[in-house]
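With the input below, show me the fold.
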Amino acid sequence: MSGEDSQRKGFRVFGRVQGVGFRWWTAREADRLGVRGTVRNCSDGSVEVMCVAEGDLIERLERAIRRGPPMSLVERVEYVECSLPITHEGFSIRR
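The predicted structure follows:
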């Protein structure tokens with residue numbers, strides 16, 4: 001899945017997003033949608049999501065991220081530069 005319409009996007013998610021299962025929930029949502037990438041906790045309490053997908057899949061994941069899992073409280077989402085290559089495979093949780 002490295003077609004010419006693949007897109008890359010990065011997000012920083014702020015709020016109550018650590019210690020509430022946000023990374024695991026994001027990985028499950030990404031797998032369900034077919035989005036490739038990574039998710040990790042950042043030292044400032046935010047969560048960083050890097051993703052690669054085709055079509056509108058990244059936008060669909062972004063809508064889910066803005067909601068978050070039940071115990072989270074997403075206050076804001078910022079766009080960041082995505083460091084993943086278009087050819088990145090799978091979705092992984094980083095520490």
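
what's the longest strand in the protein?
As assigned by DSSP state E, the longest strand anywhere in the chain is strand 6-16.

Check which helices and strands it is in contact with.
With contacts defined as 3 or more Cβ pairs under 8 Å, 6 or more residues apart in numbering; DSSP states H and E, the secondary structure elements packing on strand 6-16 are strand 47-54, helix 57-67, strand 73-80. (C-beta placed from N, C-alpha, C; glycine too.)

Return the most buried member of those.
Counting by mean count of other Cβ atoms under 10 Å, strand 47-54 has the highest mean neighbour count of those, with a mean of 23.

and the residue nearest to T26 when sequence neighbours are not counted, how far is that from D5?
In this structure, T26 finds its nearest non-sequential neighbour in V39, 4.7 Å apart by Cβ to Cβ, 6 or more residues apart in numbering. According to Cβ to Cβ, to the nearest Å, V39 and D5 sit 23 Å apart.

So the two - more neighbours on which side?
Neighbours were counted for V39 and for D5 using other Cβ atoms under 10 Å; V39 has more, 24 against 7.

Okay, buried residues for the strand or helix carrying the more buried one please.
Using DSSP states H and E, V39 sits in strand 36-41. Neighbour counts over strand 36-41 (16 or more other Cβ atoms under 10 Å) mark 36-39, 41 as buried.
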